Structure formats: C-alpha cells, structure tokens
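Trainee: Predicted coordinates and the sequence they were generated for:
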Amino acid sequence: MKDLKNTILDTELLPSQTACFYLGQVGFLFKHCGKIILVDPYLSDYVDNTFSTEEVKWVRRYPAPISAGELDFADLILCTHPHADHTDPWTLKDILKSNDRAIFAGPDSVCDVYEEIGIPPSRICRLKTDAPESFWEGMNVTAIPAAHEELHPDGAGGYVETGFLLELDGRRIFHSGDCCPYKGLEERIMDCDMLILPVNGRDYYRRYEQDIIGCFEPKEASIIAKRTNARMLVPVHIDLYDVNALNPAVFVDTIQQVDPMLRYHIFSPGEGYILF
C-alpha cells in the first residue's frame, strides 16, 4: 500500500479541484494548485505524555497517518489556538527540522508559541481577525473568531482562539478549530464548500471536573451547516481520545433529525477526498 506522503504528492488535480486529507483529531492537509496547506496538524503523543493524570487518561486511539518529519513539502502551516492538540510543539519542531520553506501562520496567541519553540520570526505570519491574508494569487486565509465555549479577546483586537476561512480560487473551506456557536459566526461562513466543525460537545463534568473545554453539539453543527448553505459538513474532534470523543452514530442520527438532505462526510485517518 502506498504511504500517505506519496499518495499526497502523486495526487494530480485540475485547477478547479482541491484535495483534502484527514490527519486525525482536527488536523487536515489541503492540496490546491500545487500548494500544500496544513491546519492543526497533531502528529505526536504530546498530549498523552504531558496532560494525563490519574483521573484523566489521554491515550491516542490510533497512530498519526503521516509523520511530521515527512512534511518537508508543506508550504503553509495554520494553527487555530494554543491548545497542544492543535498547536503541538513536538509536531511543529519536527516539521521545522525537515522543512526550510514553510510559513507558520495563526493568531497572536499561536504565533507566540511558534516563537517560543524556535520558529524564526521571518517565517511567522500573524493573522489579523476578519482580514484576508493573500499567500498566493487566488489563495486567501481569513482568521475567524472562535468561541471555545466563549469568545476570548486577546486585548489587541484579535482572539485567542480562531478558525480559518480558506478561499482557494473561489472555493470556500472553513475549519473552525475548537468552537461553539456565537452571534456573528454564520454571517462570516456563508456558502462554504466544506464546513469542518468539532462536534464532541460539552458538559459540566468535562468542563469543571476534567478541565476539558467543549465544542459544538452535533445538533448545533447540523443547524449552522444548514443555515449557512454548506455543501458538506465534516465532523471532527470525535475519534482520537476516548475521554473527549463522540460515537459517530450520534452525529449521523442528528443529521437525520435536522435535515436528511444535509450532505456530510466522516473521514477515517489518512483518508483523502477531492472537492470538485
């Protein structure tokens, strides 16, 4: 079987196509017009080694489908917020060792982490909230505020947690990072071709006894996908850690309740999908 790196490199696309590869947890790799964009690549067991306690055991359920050191061909790395399963020091350091050209971008809260782990300032791009940043002709990234249960302004006009709206020659892909619904989100993400949302939910016991901050409930994600005319809803943050997972059957059942015509796709780790 061909390994994921070669699968990505050998995937040939028309100018109108974008390839999407699921890296696990909420991580994605996008290939468009020869450019490679990573969002929230978590490819280590940093969380397991750093945050497990007697009360809360973090144990990966499956290995990363590609190693960080193999990503020497990536052009842009985007991280949504400083939590370690999104801005992973081990993954980022290994990418940096093998990749001498990629740009690392995100909100100030993430860029501060980039600097702390040794990424040169010349390779860091600080994204301003709601301000599209053009990295290549026809390819823009906009940082969108994300409410990780609540919105957290950073005091400098931005937010600690963000999502990213990728506009790739007219195609719109929104990756929310860790997020819950809030007033103003729908207007920012209308008419996306792919809506990537964490649907592991939230509850009192996880929040206040296990220190696990929550995300969209499946019903909330389904409703916002319907209201924003999303072509496809992709649920994430449900499969890597048992302590913060969701049975995908719950998500599917919710879709059937909200709108059986709503398109969705549940990725397996390492799976690719081509958007036309």
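Mentor: Yep, that arrived. Note that the coordinates shown come from a computational prediction; the quantities given were computed from them, not determined experimentally.
Trainee: Next up, the contacts around Gly24.
Mentor: 42-43, 62, 64-65, 239-240, 269 (Cβ atoms under 8 Å, 6 or more residues apart in numbering). Any C-beta I mention is one placed from the backbone N, CA and C, and that applies to glycine too.
Trainee: Can I get the worst-scoring helix or strand of the chain on mean pLDDT in CSV, CA atoms only?
Mentor: Within the chain, confidence by mean pLDDT, DSSP states H and E is lowest for helix 204-209 among all helices and strands, at a mean of 91. Below are the C-alpha coordinates for helix 204-209, written out as CSV (Å, rounded to 0.1, in the frame of the first residue of the first chain):
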residue,chain,number,x,y,z
TYR,A,204,-20.4,20.5,33.1
TYR,A,205,-18.4,17.4,34.2
ARG,A,206,-15.9,17.6,31.4
ARG,A,207,-15.5,21.3,31.9
TYR,A,208,-15.3,21.6,35.6
GLU,A,209,-14.0,18.2,36.8
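Trainee: Strands along the stretch 1-150 of the chain, start to end?
Mentor: 18-24, 27-32, 35-39, 76-78, 103-106, 124-126, 133-136, 139-145 (DSSP state E, counting those that start in this stretch).
Trainee: Next, format those as a markdown table and append mean pLDDT.
Mentor: Formatted as a markdown table, these follow (pLDDT from 0 to 100):
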| stretch | mean pLDDT |
| --- | --- |
| strand 18-24 | 98 |
| strand 27-32 | 98 |
| strand 35-39 | 98 |
| strand 76-78 | 98 |
| strand 103-106 | 98 |
| strand 124-126 | 98 |
| strand 133-136 | 97 |
| strand 139-145 | 98 |
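Trainee: winner for burial among these?
Mentor: Most buried of those, by mean neighbour count (mean count of other Cβ atoms under 10 Å): strand 76-78, with a mean of 26.
Trainee: Can you name the next helix or strand after the least confident helix or strand of the chain?
Mentor: Following helix 204-209 in sequence order, the next helix or strand is helix 218-227 (DSSP states H and E).
Trainee: got the contact list for the helix or strand just after that next one?
Mentor: Using DSSP H and E, the next helix or strand after helix 218-227 towards the C-terminus is strand 233-236. Identification of contacts with strand 233-236 by Cβ under 8 Å, 6+ apart yields 22, 25-26, 194-199, 218, 221-222, 225, 246, 248, 251, 255, 262-267.
Trainee: I'd like to know which of those residues are part of helices.
Mentor: When DSSP state H is applied, these are split such that 218, 221-222, 225, 248, 251, 255 fall in helices.
Trainee: Pull out the buried members of these.
Mentor: Among these, the ones that count as buried by 16 or more other Cβ atoms under 10 Å are 218, 221-222, 225, 251, 255.
Trainee: What count of nearby residues applies to Asp253?
Mentor: For Asp253, the neighbour count with other Cβ atoms under 10 Å is 12.
Trainee: Look up phi and psi at it.
Mentor: Backbone torsions for Asp253, taken as degrees, to the nearest 10, come to phi -60, psi -40.
Trainee: gap between it and Glu187?
Mentor: Per Cβ to Cβ, to the nearest Å, Asp253 is found 29 Å from Glu187.
Trainee: what does Ile173 give?
Mentor: 17 Å.
Trainee: and if you look at Val236?
Mentor: From Val236 to Glu187 the distance is 23 Å (Cβ to Cβ).
Trainee: In terms of neighbours, single out the busier of these two.
Mentor: Each of Val236 and Glu187 has its neighbours counted (other Cβ under 10 Å); Val236 has more, 27 against 8.
Trainee: Now for Met232: which residues touch it?
Mentor: 193-195, 263-265.
Trainee: Farthest-apart pair in these, please.
Mentor: Asp193 and Tyr264 (13.2 Å; Cβ to Cβ).
Trainee: Distance-wise, check Arg101 relative to Arg171.
Mentor: Counting by Cβ to Cβ, the gap from Arg101 to Arg171 is 24 Å.
Trainee: Same check on Thr91?
Mentor: Taking Cβ to Cβ, one finds Thr91 at 26 Å from Arg171.
Trainee: same thing with Ser16?
Mentor: 8 Å.
Trainee: more neighbours, Arg101 and Arg171?
Mentor: Ranked by neighbour count (other Cβ under 10 Å), Arg101 and Arg171 place Arg171 first, with 20 against 9.
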